[in-house]
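Undergrad: below is the sequence, then the predicted model.
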Amino acid sequence: MRTADDFNQRAAHNLPGHLGITITHGGPDVIHAEMPVQPFLMAPNGFLHAGSVVTLADTAAGFGCLANLPDGAVGFTTIELKSNHLGTARDGTVEVTATPVHKGRNTQVWDSVVKHRETGKTVALFRCTQMVLYGKG
């Protein structure tokens, strides 16, 4: 069983680590993560960049998939993602909860809900489909 610490170590020197994303809970049926809103995450209009939000949501969904890889799988890749941005943030922390919709042998589908911690408002709804990879890594 992979833990939040395992996921954070894996992400530390990759994009999630550079953006300040921290996995706060990792399990087979839910992943929680957070990201402090910082100036380098903002769009030129002064609001949180949609790409920052998508990266947070996709990271949580990806670690959920990783925690549920079937026997013999060597990894996964995202084959489709969709996001609906309903709000934004200028400060504080955004957090995400990712849950599985489908955990199959060849594909997984995960939903992520991103919220602004301080206001409780939903920032984005996200759905991600991953293809499970087999063979040599």
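TA: Nice, I can see it.
Undergrad: surely K82 meets R127?
TA: Yes. K82 is within contact range of R127, at 5.0 Å (criterion: C-beta atoms under 8 Å). All C-beta atoms are positioned from the backbone trio N, CA, C, and that covers glycine.
Undergrad: neighbour count winner among those two?
TA: Neighbours of K82 and R127, each counted by other C-beta atoms under 10 Å, are more numerous for R127; the result is 16 against 10.
Undergrad: and the more buried one, helix, strand or coil?
TA: Reducing the assignment to helix, strand or coil with DSSP: H, G, I helix; E, B strand; the rest coil, the entry for R127 is strand.
Undergrad: so what's it up against?
TA: When contacts are counted by C-beta atoms under 8 Å, 6 or more residues apart in numbering, R127 touches 81-83, 101, 109-112.
Undergrad: out of these, the closest to V123 would be?
TA: Distance to V123, by C-beta to C-beta, is smallest for S83 among the contacts of R127, at 9.8 Å.
Undergrad: ok, that closest one - contacts?
TA: 50, 53-54, 57, 124-127.
Undergrad: just the element for it, please.
TA: When secondary structure is defined using DSSP states H and E, the element that contains S83 is strand 73-85.
Undergrad: C-terminal to the worst-scoring helix or strand of the chain on mean pLDDT, what's the next element?
TA: Averaged element by element with mean pLDDT, DSSP states H and E, the chain has its least confident helix or strand at helix 4-11 (a mean of 91). Past helix 4-11, further along toward the C-terminus, the next helix or strand under DSSP H and E is helix 15-19.
Undergrad: chain center to that following helix: distance?
TA: The offset between the C-alpha centroid of helix 15-19 and the centroid of the whole chain comes to 11 Å, using C-alpha atoms, centre = their mean, to the nearest Å.
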